[in-house]
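# How does the following fold in three dimensions:
(3 chains, ligands or ions: 3)
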Amino acid sequence: MGFFDDKQDWLEIVFRNYPPENRRAAVMPLLRKVQQEEGYVSEERIREIAELIGTTPTQVRGVMSFYSYYQAVPTGKYHLQVCATLSCKLAGAEELWDALRAELGIGPGEVTPDGLFSIQKVECLGACHVGPVVQVNDEPYVECVTKERLKALLEGLRAGKRLEEIELPGPCGHHVREEEA
Amino acid sequence: MVRLRINDREIEVPEGTSVLDAVFHAGYDVPYFCSERYLSPVGACRMCLVKVGTPRKGPDGEWIKDEDGRPKIFWFPKLMAACTTRVSEGMVVDTLADEVKKAQAGMVEFTLENHPLDCPVCDKGGACELQDRAYEYGLFEKYYTETQNGLKSVLYTRYAFTRRHADKHHKLSEFIVLDRERCIHCKRCVRYFEEIPGEEVLDFIERGVHTFIGSEEWPLPTGFSGNITDICPVGALLDLTARFRARNWEFERTPTFDLTDAAMSAIWVDSRSGKIERIRAREHPELNEIWISDAARFGHGWTKEGRLSRPLLRKDGKLVEASFEEAAAFLAERLAAVKPEAVGLYLAADGTMEEGYAFAEAARVLGTPHYGFENATRFPVSTLPAASFIDLLASEFALVVGDPAEEMPVLYLRLQEFLKGITPAPRYFHGTPIADLRLEEYMPRRPERLATFAAYPTRLFAFAGVSGVYAPGSVAALFQALLAAMNGKRLPEVPGVPEEAVREAAGRFLEAEARTIVVGADVLEDPEAAELAGEIARAKGAHVIAMPPAANARGLELAGLYPEKGAGFGEAGAKAVVYAGATPPAEALKGASLKVFALPQLDALAQAEADLVLPTKTYYEKRGLVLNAEGRLLELRPAPTAPPEAMDGIEALAFVLEALGRRVPARSVLEARTRLHERLKVPLELPEEGTLFRPRVRLPARRSGEAGGTLYLRPTMWRARMLRDERVRRALGETPLFVHPETARAEGLSEGMRVEVVTPYGQAPAVVALDGRIAPGFFQLPGYGRGTGRRVGFRILVPSGGAA
Amino acid sequence: MSEGPIVSGRDPRFERTLYAHVGKPDAHTLDYYLSHGGYEAAKKALTQMTPDEVIEEVKRSGLRGRGGAGFPTGLKWSFMPKDDGQQHYIIMNADESEPGSFKDRYILEDDPHQAIEGMILAGYAIRATKGYIYIRGEYRKGYDRLVAAIEEAYARGFLGKNLFGSGFDFDLYVHRGAGAYICGEETALMNSLEGFRGNPRLKPPFPAQKGLFGKPTTINNVETLASVVHIVARGADWFASMGYDKSKGMKLYQVSGPAKRPGVYELPMGTTFRELIFDWAGGVKEPIKAIIPGGSSTPMLPFTDEILDTPMDYEHLAEKGSMLGTGGVILIPESVCVVDAIWNLVRFYGHESCGKCTPCREGVAGWLVKLLGQLERGQGKPGDLELIEDLLDNIEGKAFCPLADAAVWPVRGALRHFRHEFEHHIEEGTCAVHGGSRWG
Ligand SMILES: Cc1cc2nc3c(=O)[nH]c(=O)nc-3n(C[C@H](O)[C@H](O)[C@H](O)COP(=O)(O)O)c2cc1C
Ligand code: SF4
Ligand code: FES
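Residues are numbered from 1 along each chain as shown, chains lettered A, B, ... in the order given. Ligands and ions are numbered 1, 2, ... in the order given. Predicted coordinates for the structure are as follows:
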């Protein structure tokens, strides 16, 4: 069965976002849907998407491989994306990355044997004041990832908690309002 | 026109010209990699950076002046990519400044940084744009000269890291290999596929320094893929038929024309040691631009297979080599028993006009009605006016009946241009613009400009506003209906085509200001349809481009080889037959007691039937005139690859006539051409690009050879003789036998079933392919140039051996 | 303090607008927005002003694009054709991927209606009845909030047909990116939105002639469009009362790195670094040696009194050899090696190079990254700095789009002010400074 077969209503809503003669504009939301639900985008899905938007698989792969979010190989249930750019580096992103690798025993492109985790270094996530930042799958950021917070995060995920249910210790100030100053 | 200065030279160029073309027009050079003629400029390689300044107008509308009272030049703060910068009035371009030189050298250095140094084993070596440009523009002394121990040494790059490694032998198809290490990311190939044939089958994958060329299609669709091997500036995309066959400077390069189809693209025949090793496109701006079909490019392998260099005589039932004397004696003896008026003289579809003249004249001398040429259509193509591809581009609407992608591939590419509304570019001193700023990536194609009909859904259908599939044999009905719709009459039924499609096509046709009708073999095989097409063109005003299945149909008809009533090529009737360049269907030999073939190599029919076989040249090896579908007279030039004793058609014919003791109408190409000149005012000297030559000819349509069977022979760009080549066979795969599912059910056939198809051209394996879009009741088989557009009788043998 | 232009957040005349509601509970809801004067500006413009009057007001305000390049917004809008009968598009650039920048994020998350209202105003001014918000894929919360806000706005008639009875229709869509910095460049963004690879496109044709889906298009940053709301609401003169010369209005400055209170601060243009860092961001946690003034692509400056007293605006920063950029200030502490920091940024640009043009693909992503990496690992050789500078010359101003330049400038800035640290790396094979772990 095709991935999108039972998602016709969803597809229709997506296509409505673009002019009818520009169906290929929907390639990114379609790829995202596959990535979200299957953890990667297989050749088969590439073909399916190409068919849906009226272009060639080559073009879909060209687009897919351009972005760092879509993966060509399967990821873990929790794909941990660690920001590695300057501000997060200044907050210890490199040490965090090393710790994460050691803790999970995997490198980029690998999945832990239990299928739970995969890791990727990503570039600036736009949360430079609350670094280091980790993004789990397509969820809102986990910020100020200290040693304690990382531990709590991994424990929570291993325990099968949803991200928003996990209690992270310590403060993480956003400082976006003058009252706080 | 815009006036500007390039270094020290003032020039005038049309508005919209790129600085790059202006520089070349002025006689200066500027290096470039990503720009290519006929493709959109993208400004990606940054090799063509130059210094550009313009004058400015003040608030008073006058030019701002410098101290000397001349318009003051305001230089752009950065160097500009010449390919994507438009000229403007008073512009000043400096291509020689030091900063330009430094930028060029820097860009060469960047480009070379990850480029492998395998020039010694690279097929592009010696003809590589990167090699040339690196040599000319790469060495900027300031930083290539290193001082070590007081000694100066020249380095070609300061890059001291391991080069990028990537897939080096990545086959994209049977014909094309990709070396990813050599790619310099000019994007020409990617743009080519999208912009020229309209197939998005190649693209960049990944990004940044990891970007590489890739395709999800295996193999790359054949048809027009080979052109990427010509335009690749480096050795990243290579022609596998020519791989490692020679260094570029070892090739003998012959500029001639391709006779695979009636467009007759300009080609280079690259040969070495008497063998054709490679065919490349040769630029002809009006005809094929810089593109040729895959068949024209990759189909040459057959020219090397089993070439005959001596006559073969049948002795004791076997063909054995013989001397020309023996052959002559044999002929004299056997011909004595045949009446001259019972001799049939037949020429291949790619025969030259000189050969055509000699054959027609010989038939006249012998008093025989039996003559003709291969694939002559029942309606003589010369009777339709000719129009050029340029005329098509000037049109607003095209009605295409047939399959240009297969019948005349280059026309298919021109139709793509037409769909985008591209008109011919201005010409510069250096010729075609290298960076034509009128062209853009992903230019929209306008389907409302095109209506197309054929006996099966063709490649063109995807681009047409209106399309329809008619049942083989109903093409006359289609034209009746079109004419009726144009005249507001009631429409007759067209099997397979809905009335609205006809009405819409007719309506759009009438609305357009300028129109072109393109007709293929189906129409030419049906005199009534062809007459109607001509009538619509006359009455409503339209150019006509006909795609005859015989490449030189116009030339041979003009030379007089279109038969009036006798047995034509492929028809039985003559007692002694001479076939030059091609063999007919087996049934044509019925009743013939003497069968002479003049062929470059044996085929199954000659093997079985010939009494005498004379060695001949292929069209790559002949000199002579040909007249393409546009009515463009072109001159073939011979590549030095024919075996020494191989004859052309004129020589073979003379050999036969001498044995008959008859006067020979012409002994040489030159003599035949002189006669053609005297009779038809055919020019004796031709410019390199040929000339339009369209004398008015009216020939009667032929009624013989009525179409009958239910096997429809589809046109293909590939020719039967090319199947000798294993690579071509592999690329084409198994031959499909297309059947409508209903018909298949009735006949007990199923998808994928392997069968043997027995046709007048012999027996061959095929695989049943169901297609609900074609008419029920018919079978369709690729004809590989034989009997294109005709319906013939046939039998299907199913694997068990019984007939289905 | 009440004379002359407002150039300090401490000036009593200064009032926060863009971030007035960020961080407040329920600020993202329509009810909250309406109870704080929401959609009044849109109503005013659509019912009392012509599109040209809106453009004129924005021109008079002196607003310049907040996406980094600082192009005058009103002027940009006036390039759009009029009465051409074509579909026009307005795009909000919410790709926010420049390291050190995170200001747009909170508008999207906490005040999405402000963004929507900005889109309506811009759409009206440039006669675009359709708008797209291109939001970076990672901003999940911002996306969810935006989608919810758009739904609310449609339901209550702030989007859709005949807004405020003016006859103006406006539809708004959100498109998510997927991790590519280059898609913040406006033509690459359009390619990405159309479903092509995110390579930048040739200009001309400019977006105003031939943009999204081939139609006239204007692209503006989130902050730019949010500013328009307040310009229309309070008038161009109010806006122009803030800032010096050609740098007017309020600006969202961001501070990251070891400040005590890193975050986003809305202040008048022309506020000094000193005020931002010490008064608002609470001072520094450790000694600082350098400051990246406006996002990673702006050349770094030394942390000196002279620099600290420099007003943060287009002109003053240009005078100091840097740029305002996005206003994303990154503090580089003494204990961090400048070579390390620059290597990190060059690597970023290398990773984000789209690969289309030679100098960026081979020069930045291929060569510069390797050279700096080698230097950073202590394997640099004498002459490397000269080589790097020569490569920078061969890259700068020669690439297809500004991304390559954005990679060049930080290196130039670092070499200008901290050359000794690079030299130390070459001579000693190691960093001039050694801080401990920075991870808490
Ligand atoms: C490589 C590159 C990345 C960019 N990224 C962004 C971005 O993330 N957000 C943004 O608003 N502008 C970005 N820009 C600037 C935009 O191209 C464009 O100038 C801006 O969105 C225009 O809006 P404004 O006039 O309101 O500033 C980027 C430019 C370049 C060259
Ligand atoms: S500078 Fe060139 S390679 Fe880099 S992002 Fe721009 S176009 Fe792409
Ligand atoms: S540097 Fe990590 S979020 Fe900005």
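
# In chain A, which residue is most central in space?
A:N137 (3.5 Å; CA atoms, centre = their mean).

# I figured that one hits A:Y78, correct?
Yes - A:N137 lies in contact with A:Y78 (CB atoms under 8 Å); the separation is 6.5 Å. Every residue, glycine included, has its C-beta placed from N, CA and C.

# Closest residue of the stretch 1-150 of chain C to ligand 3?
Residue nearest to ligand 3 within the stretch 1-150 of chain C (CB to the nearest ligand atom): C:P99, separated by 4.9 Å.

# Now the closest residue to A:H129 other than its chain neighbours, what are its backbone angles?
Once flanking residues are discounted, A:H129 sits nearest to C:P262: 3.6 Å by CB to CB, 6 or more residues apart in numbering or on different chains. Dihedral angles of C:P262 (phi, psi; degrees, to the nearest 10) stand at phi -60, psi 140.

# For C:P262, grab the count of nearby residues.
29 (other CB atoms under 10 Å in any protein chain shown).

# Pull up the gap between it and chain B, please.
30 Å (CB to the nearest CB, to the nearest Å).

# Could you measure from that residue over to B:D603?
83 Å (CB to CB, to the nearest Å).

# same thing with B:S35?
For B:S35 relative to B:D603 (CB to CB), the value is 46 Å.

# Among these two, which residue is more densely surrounded?
Taking neighbours as other CB under 10 Å, B:S35 and B:D603 compare with B:S35 leading, 29 against 19.

# That one belongs to a strand, doesn't it?
No - counting by DSSP: H, G, I helix; E, B strand; the rest coil, B:S35 is not part of a strand but coil.

# packing partners for the lengthiest helix in chain C?
In chain C, taking DSSP state H as the definition, the longest helix is helix C:403-428. Other helices and strands packing on helix C:403-428, by 3 or more CB pairs under 8 Å, 6 or more residues apart in numbering or on different chains; DSSP states H and E, are strand C:288-292, strand C:301-302, helix C:338-352, helix C:369-376, helix C:384-395.

# List every C-alpha atom in the fourth one, with coordinates, as CSV.
Listed in CSV are the C-alpha atoms of helix C:369-376, where the atom choice follows Å, rounded to 0.1, in the frame of the first residue of the first chain:
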residue,chain,number,x,y,z
VAL,C,369,37.1,24.9,5.5
LYS,C,370,40.0,22.5,5.1
LEU,C,371,42.6,25.2,5.6
LEU,C,372,41.0,26.6,8.7
GLY,C,373,40.4,23.1,10.0
GLN,C,374,44.1,22.3,9.5
LEU,C,375,45.0,25.5,11.3
GLU,C,376,42.6,24.8,14.1
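
# relative orientation of it and helix C:338-352 in degrees?
160 degrees (axes from the mean of the first three to the mean of the last three CA atoms, to 10 degrees).

# Could you confirm whether helix C:369-376 reaches ligand 2?
No - Helix C:369-376 does not reach ligand 2 (CB under 6 Å from any ligand atom); its nearest approach is 12.6 Å.

# now the longest one
No - under the criterion of CB under 6 Å from any ligand atom, helix C:338-352 makes no contact with ligand 2; the nearest approach is 7.2 Å.

# Quick one: mean pLDDT over that helix.
For helix C:338-352, mean pLDDT is 97.

# tilt between that helix and helix C:384-395?
Using the same axes, to 10 degrees: helix C:338-352 against helix C:384-395 is 30 degrees.

# Identify the residue of chain A closest to ligand 2, quick one.
A:F66 (11.0 Å).

# quick one: that residue from chain C, how far?
Separation of A:F66 from chain C (CB to the nearest CB) stands at 5 Å.

# Could you look up the SS state of that residue?
coil.

# Which pLDDT value does the model give residue 3?
As the question left the chain open, I've gone with chain A. For A:F3, the predicted pLDDT is 96.

# Can you look at chain B instead?
In this model, B:R3 carries a pLDDT of 97.

# Give me the distance from the helix or strand where A:S118 lies to the chain's centre.
In the assignment (DSSP states H and E), A:S118 maps to strand A:117-122. Centre-to-centre, strand A:117-122 and its host chain are 9 Å apart (CA atoms, centre = their mean, to the nearest Å).

# so is C:G397 in a helix, a strand, or just coil?
Using three-state DSSP, the structure places C:G397 in coil.

# count of neighbours near the closest residue to it other than its chain neighbours?
In space, and not counting its chain neighbours, C:G397 is closest to B:K78: 3.9 Å by CB to CB, 6+ apart. Using other CB under 10 Å, B:K78 has 15 neighbouring residues.

# do the same with the one 10 residues further on
By the criterion of other CB under 10 Å, B:S88 has 14 neighbours.

# and the gap between it and B:R3?
10 Å.

# could you point out which element follows the strand holding A:S118?
Scanning onward from strand A:117-122 (DSSP H and E), the first element met is strand A:134-136.

# who touches the helix or strand following that next one?
Sequence-wise, the next helix or strand downstream of strand A:134-136 (DSSP H and E) is helix A:147-158. Helix A:147-158 is contacted from outside by A:78, A:96, A:99-100, A:103, A:116-117, A:134, A:136, A:142, A:145, A:163, A:165-170, C:439-440, using CB atoms under 8 Å, 6 or more residues apart in numbering or on different chains.

# Kindly recompute the last result at 6 Å.
A:Y78, A:V142, A:I166, A:L168, A:P169 (CB atoms under 6 Å, 6 or more residues apart in numbering or on different chains).

# Of all the residues in that helix, which ones are buried?
A:R149, A:L150, A:A152, A:L153, A:L154, A:G156, A:L157 (16 or more other CB atoms under 10 Å in any protein chain shown).

# Model confidence at the last one, what's the number?
Yep, that's A:L157 we're talking about. 97.

# coming back round to it: going by distance to C:T310, which of the buried residues of helix A:147-158 wins?
The nearest member of these to C:T310, counting by CB to CB, is A:R149 at 36.5 Å.

# and the closest one, how far is that from A:Y141?
12 Å.

# what do you get for C:I342?
Applying CB to CB to C:I342 and A:Y141 gives a distance of 26 Å.

# can you check C:E56 too?
C:E56 is 41 Å from A:Y141, by CB to CB.

# For the two, indicate the residue with more neighbours.
With neighbours defined as other CB under 10 Å, C:E56 and A:Y141 compare such that A:Y141 has more, 23 against 17.

# Was I right to think the more buried one contacts A:V134?
No - with contact defined as CB atoms under 6 Å, A:Y141 does not reach A:V134; the gap is 7.2 Å.

# Do any residues in stretch A:26-45 lie close to chain C?
Yes - using CB under 6 Å from any CB of the partner chain, we find that stretch A:26-45 touches chain C at A:V27, A:M28.

# Now do the buried residues in that stretch.
Result for stretch A:26-45 [16+ other CB under 10 Å]: buried residues A:26-35, A:39, A:41, A:45.

# With pLDDT, secondary structure and distance to ligand 3 added, can I get these in a markdown table?
Formatted as a markdown table, those follow (pLDDT from 0 to 100; DSSP: H, G, I helix; E, B strand; the rest coil; distance: CB to the nearest ligand atom, whole Å):
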| residue | pLDDT | secondary structure | distance to ligand 3 |
| --- | --- | --- | --- |
| A:A26 | 98 | helix | 29 |
| A:V27 | 98 | helix | 27 |
| A:M28 | 98 | helix | 22 |
| A:P29 | 98 | helix | 24 |
| A:L30 | 98 | helix | 28 |
| A:L31 | 98 | helix | 24 |
| A:R32 | 98 | helix | 21 |
| A:K33 | 98 | helix | 26 |
| A:V34 | 98 | helix | 26 |
| A:Q35 | 97 | helix | 21 |
| A:G39 | 96 | coil | 24 |
| A:V41 | 98 | coil | 25 |
| A:R45 | 98 | helix | 30 |
